[in-house]
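>>> Pasted the sequence and its predicted model underneath.
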Amino acid sequence: MISFIIGFAMFGALTYLPTFLHVVHGRQGYATMAALLPDRPMELNHADNRRLLAEETADTTGIVAIPGAAAFLAAISAVPHALVTSADRALAEARMTAAELPMPTLRVTAESVTASKPDPEGFLKAAADLGVPVADCVVLEDSEAGVNAGLAAGMRVLGVGPRARTLGATAWVPDLTAVTVLRGADGDAVLRLAG
């Protein structure tokens, strides 16, 4: 059986400066600060991260579902799946609500792990909690840190969106309108990618 681990929050992300995007996108804020400011005390990174999460949770202006996200989530509703995100629970819920997308029952958020992406901990935890072997999981990701985490977990990774095209994912689609979920004769989920 194929299970889906959604490693990105299926909505349009904030725009970052391209030179920092590979460091920022997909990581917890404190981990980004540590990477960009290695001599800065970690307690300051955690304090600033808490403040930034509160601000992002309060402001969901411009958050919209990426094309095909709602249909994809509906198509996998009977398939084991999880959301693995570097956001905390409050931010994940705020953004999924703003994008008018259903929140998966299983969520691995920042509070659930000790290491941020690109560490595979979040994806491995999701597979274990779903009771599914990692070889039977497909990660959907839009960030370099997330693609690397999924691959490090031993999972197939579907890169989603323009930024993900060159990140080394197992396969790539421009958005989720290019993905059709089919059910095999044995009941397994099968992904068909357009193009």
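Structure's in. What do you need? Residues are numbered from 1 along each chain as shown.
>>> shaky segments in this structure?
Within the chain, the stretches with pLDDT under 70 are 1-28, 30, 195.
>>> Strands of that one, residue ranges please.
Using DSSP state E, the strands of the chain run over 3-6, 81-84, 106-108, 137-141, 156-160, 171-173, 179-183, 189-193.
>>> Nearest approach to residue 129 belongs to which of the ones you listed?
With distances scored as C-beta to C-beta, the stretch of the strands of the chain nearest to residue 129 is strand 106-108 (5.7 Å). Backbone N, C-alpha and C define where each C-beta goes, glycine included.
>>> Helices of this structure, start to end?
Counting by DSSP state H, the chain has these helices, from start to end: 18-24, 29-36, 42-58, 69-75, 89-98, 121-130, 144-152.
>>> So for the fifth one, what gets flagged as buried?
Right, the one you point to is helix 89-98. 89-96, 98 (16 or more other C-beta atoms under 10 Å).
>>> now for it, which elements pack on it?
For helix 89-98, the contact count by 3 or more C-beta pairs under 8 Å, 6 or more residues apart in numbering; DSSP states H and E identifies helix 42-58 as packing neighbours.
>>> Just want the angle from the helix it packs on to helix 89-98.
20 degrees (axes from the mean of the first three to the mean of the last three C-alpha atoms, to 10 degrees).
>>> distance between helix 42-58 and the chain's centre?
Distance of helix 42-58 from the chain centroid (C-alpha atoms, centre = their mean, to the nearest Å) equals 19 Å.
>>> among the helices of the chain, which is nearest residue 179?
Ranking the helices of the chain by their distance to residue 179 (criterion: C-beta to C-beta) puts helix 69-75 first, at 6.0 Å.
>>> Excluding chain neighbours, what is closest to residue 126?
When the adjacent residues along the chain are set aside, residue 126 lies closest to residue 82, with 4.0 Å between them (C-beta to C-beta, 6 or more residues apart in numbering).
>>> Burial check on that neighbour, number of neighbours?
Residues within reach of residue 82, counting by other C-beta atoms under 10 Å, total 25.
>>> Residue 105: neighbour count?
In terms of burial, residue 105 registers 10 neighbours under the definition other C-beta under 10 Å.
>>> Quick check: the gap between it and residue 65.
As judged by C-beta to C-beta, to the nearest Å, residue 105 and residue 65 stand 19 Å apart.
>>> And residue 53, by the same measure?
Relative to residue 65, residue 53 is positioned 21 Å away (criterion: C-beta to C-beta).
>>> can you list the strands of the chain in TSV and add distance to residue 31?
Compiled in TSV, those are given as follows (distance: least, C-beta to C-beta, whole Å):
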stretch	distance to residue 31
strand 3-6	20
strand 81-84	15
strand 106-108	15
strand 137-141	16
strand 156-160	20
strand 171-173	25
strand 179-183	29
strand 189-193	30
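>>> related to what we said a few turns ago, closest one to residue 136 among the helices of the chain?
helix 121-130 (8.2 Å).
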